[in-house]
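**Student:** need coordinates for the below:
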Amino acid sequence: MIYKKWRGKTLRLIIAGLIGLYSSNLLAQQVPSQEMLPSNASLQDLIAFALQNQGRLQQSIIDEEIGEREIASALSGWFPQISAGANYNRNIILPSTGIGDQAISMGQINSGAFILQADQNILNPALMQASKAAGTIRERNTLLTEQTRINTILAVSKAFYDILTSHEQVNIIRENIARIQKQLDDAFARYETGIVDKTDYKRAQISLSNSRADLKRVEELLVYKYAYLKELIGMQSNQPLNLAYDYQLMEQEILLDTTLNIDYQNRVEYRQLLALKKLQEINTQYNKWAFLPRVSASYNYAWDFRHDQFSQMYGQHYPRSVFGLNLSLPIFQGTRRVQEIRISRLMEDRLDWDLLLMQQSIDTEYQRALAAYKANLNDWKIARETVDLAEEVYEVIRLQYNEGIKTYLDLMLAETELRTTKLNYLNALNALMSGKLDAEKALGKIE
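**Tutor:** Model (predicted):
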């Protein structure tokens with residue numbers, strides 16, 4: 001009894017260990033190994049990493065491979081279809097046949113056969129359609145992957161520029177905090193010497209608290225933005241991510257050639273519609289092929305066994321073999337085939353309208369993106385000039401405040417204007433880069 005319990009426990013442990021080992025191997029296969037990004041990753045590094053590890057893109061690549069297998073499966077009907085079978089029959093009452101005026105029982109009690117069957121399609125409209133549509137279906141699957149790739153590049157680029165902007169916001173707010181801290185110290189020193197009342201340094205305290213709150217908010221949002229960027233590129237959340245960003249380089253990449261004309265063929269969505277139109281044309285052709293006969297060949301070889309005694313039934317076999325050609329010609333199906341052809345042609349006409357609507361949509365999308373880009377470019381230029389003016393005004397008022405000419409309220413207003421203009425400049429630059437990406441997407445220039 002003890003031995004049985006020990007053996008049962010040991011068996012359960014072995015099974016549990018094997019299951020755990022299998023699960024670990026399966027998990028290792030499901031989670032792809034990731035190459036580490038450089039210590040300071042550029043935008044191109046992020047895009048390259050995303051194209052290798054982004055989940056939706058990898059799913060799209062797998063879907064493309066599934067499509068290849070589906071094409072191969074559909075075309076496999078052109079190959080010989082070979083099957084084997086066997087049967088056994090026991091005649092409880094032997095069948096009889098009439099000879100003259102007598103019914104004579106014929107056959108044996110036990111009978112069986114092993115059968116080898118081969119069939120070959122020679123003319124089949126469904127297989128002809130599959131052969132003709134294979135290339136177009138492959139193209140459509142590739143375009144779906146390309147669309148996912150473009151969306152990934154667009155999303156990663158926008159997230160990268162958004163983080164760049166947030167980092168610069170942090171720098172601006174920290175500079176602002178340093179200036180206000182110095183103003184607070186100066187105002188408190190003046191208050192202690194009796195030059196001014198406590199209103200100035202109290203206002204400085206309020207402004208300093210607000211700026212620190214702004215800094216905390218931007219820093220917390222940066223944590224989320226980094227997490228979102230990791231999700232976009234397919235990076236594990238516990239892996240470190242440091243970005244190499246050159247703010248001056250970002251300013252150099254703002255220009256867009258606004259004289260380019262739209263080429264609809266550059267848009268993956270338009271090419272997808274064209275592929276769908278081709279498939280519909282093939283479907284129309286298939287409905288015409290439905291009038292064709294179906295021709296196939298077959299070959300059959302069998303080993304028959306029969307005997308009154310079951311134990312001796314397989315002692316001797318009687319071979320037989322048949323070769324045949326099969327032809328099936330549908331003559332009349334109540335106009336169903338004619339209606340299917342008309343429906344398919346109407347679907348082609350509908351897709352022509354879809355293509356026209358897609359062209360109009362692309363035109364509108366590009367004009368909207370181009371208008372936004374030009375407006376954002378103008379806002380960026382004005383904001384850049386305003387920053388220079390705000391810095392100049394602040395320096396003048398700061399000197400006048402130190403000389404006792406201006407009040408602390410004037411200095412606070414100049415400080416607020418300087419910070420606001422710098423933040424507006426950052427927001428304008430971020431909107432400009434985002435608008436440029438949208439315009440390039442509308443032109444089909446994101447690759």
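**Student:** got any ranges where the stretch 251-400 of the chain has weak pLDDT?
**Tutor:** By pLDDT under 70, the stretch 251-400 of the chain contains no weakly predicted segment.
**Student:** can you give me the helices for it?
**Tutor:** Counting by DSSP state H, counting those that start in this stretch, residue ranges of the helices within the stretch 251-400 of the chain are 268-289, 336-402.
**Student:** compute the inter-axis angle for the first one and helix 336-402.
**Tutor:** Translated: helix 268-289. Angle, helix 268-289 to helix 336-402, by axes from the mean of the first three to the mean of the last three Cα atoms, to 10 degrees: 180 degrees.
**Student:** export the helices of the stretch 251-400 of the chain to a markdown table and tack on mean neighbour count and distance to E415?
**Tutor:** C-beta coordinates here come from the backbone N, C-alpha and C atoms, glycine included. Compiled in a markdown table, those are given as follows (neighbours: other Cβ atoms under 10 Å; distance: least, Cβ to Cβ, whole Å):
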| stretch | mean neighbour count | distance to E415 |
| --- | --- | --- |
| helix 268-289 | 18 | 49 |
| helix 336-402 | 15 | 6 |
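**Student:** closest one to G98 among those?
**Tutor:** Comparing the helices of the stretch 251-400 of the chain against G98 with Cβ to Cβ, the closest turns out to be helix 336-402 (45.2 Å).
**Student:** next one: the closest one to chain centre, how far?
**Tutor:** What separates the centre of helix 336-402 from the centre of its chain is 23 Å, taken as Cα atoms, centre = their mean, to the nearest Å.
**Student:** pull out the buried residues from the next helix-or-strand element following it.
**Tutor:** Scanning forward in sequence from helix 336-402 by DSSP states H and E, the next helix or strand is helix 408-443. Of the residues in helix 408-443, 408, 411-412, 414-415, 417-419, 421-443 count as buried by neighbour count, 16 or more other Cβ atoms under 10 Å.
**Student:** and what of stretch 79-93?
**Tutor:** Within stretch 79-93, no residue counts as buried by 16+ other Cβ under 10 Å.
**Student:** other residues contacting it?
**Tutor:** Contacts with stretch 79-93, where a contact means Cβ atoms under 8 Å, 6 or more residues apart in numbering, come from 107-121, 310.
**Student:** and stretch 36-51, by the same measure?
**Tutor:** Stretch 36-51 is contacted from outside by 34-35, 57, 149, 152-153, 156-157, 160, 229, 232-235, 239, 241-244, using Cβ under 8 Å, 6+ apart.
**Student:** which residue ranges of this structure form strands?
**Tutor:** Per DSSP state E, the chain carries strands over the ranges 81-90, 96-99, 102-105, 110-123, 294-307, 318-328.
**Student:** angle of the first one against strand 110-123?
**Tutor:** What it means is strand 81-90. 160 degrees.
**Student:** note down every partner strand of strand 81-90 and its orientation.
**Tutor:** As defined by DSSP bridges, the strand partners of strand 81-90 come to strand 110-123 (antiparallel).
**Student:** which parts of the strand it pairs with are buried?
**Tutor:** For strand 110-123, a neighbour-count test (16+ other Cβ under 10 Å) marks N110, S111, G112, A113, F114, D119, N121 as buried.
**Student:** from those residues, pick the one nearest Y373.
**Tutor:** Closest approach to Y373 among the buried residues of strand 110-123 (Cβ to Cβ): N121, at 57.0 Å.
**Student:** just give the nearest non-adjacent residue to that closest one, would you?
**Tutor:** If the residues on either side of it in the chain are set aside, N121 comes closest to S296, at 5.1 Å by Cβ to Cβ, 6 or more residues apart in numbering.
**Student:** okay, the one you found and V322: tell me how far apart.
**Tutor:** 14 Å (Cβ to Cβ, to the nearest Å).
**Student:** which one of those two has more residues nearby?
**Tutor:** S296 (16 against 10; other Cβ atoms under 10 Å).
**Student:** the more buried one and Q239, how far apart?
**Tutor:** Where Q239 is concerned, S296 sits at a distance of 58 Å (Cβ to Cβ).
**Student:** thinking again about what came up before, save the helices of the stretch 251-400 of the chain as a markdown table, and put in distance to T259 too.
**Tutor:** Below are the helices of the stretch 251-400 of the chain laid out as a markdown table (distance: least, Cβ to Cβ, whole Å):
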| stretch | distance to T259 |
| --- | --- |
| helix 268-289 | 21 |
| helix 336-402 | 11 |
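**Student:** so which of those gets nearest I137?
**Tutor:** helix 268-289 (7.1 Å).
**Student:** any idea what the residue lying closest to N124 once chain neighbours are set aside is bridged to?
**Tutor:** Nearest non-adjacent residue to N124, counting by Cβ to Cβ, 6+ apart: R294, 5.6 Å away. R294 forms beta bridges with S328, as assigned by DSSP bridges.
**Student:** surely R294 is in contact with L327?
**Tutor:** Yes - using Cβ atoms under 8 Å, R294 is in contact with L327, at 7.2 Å.
**Student:** return the distance of the closest residue to A290 other than its chain neighbours relative to V295.
**Tutor:** Excluding the flanking residues, the one nearest A290 by Cβ to Cβ, 6+ apart is R337, at 4.8 Å. According to Cβ to Cβ, R337 stands 18 Å off from V295.
**Student:** kindly report the same for L329.
**Tutor:** According to Cβ to Cβ, L329 stands 9 Å off from V295.
**Student:** higher neighbour count, those two?
**Tutor:** Under the criterion of other Cβ under 10 Å, the comparison of L329 against V295 puts V295 first, with 15 against 9.
**Student:** so who does that one touch?
**Tutor:** N121, I122, L123, N124, L325, N326, L327.
**Student:** farthest pair in these?
**Tutor:** Once Cβ to Cβ is applied, the contacts of V295 give N124 and L325 as the farthest pair, at 13.8 Å.
**Student:** list residues touching both of the two?
**Tutor:** Common contacts of N124 and L325 (Cβ under 8 Å, 6+ apart): V295, S296.
**Student:** where along the stretch 101-250 of the chain do the helices fall?
**Tutor:** Using DSSP H, counting those that start in this stretch, helices in the stretch 101-250 of the chain cover 125-193, 199-233, 247-252.
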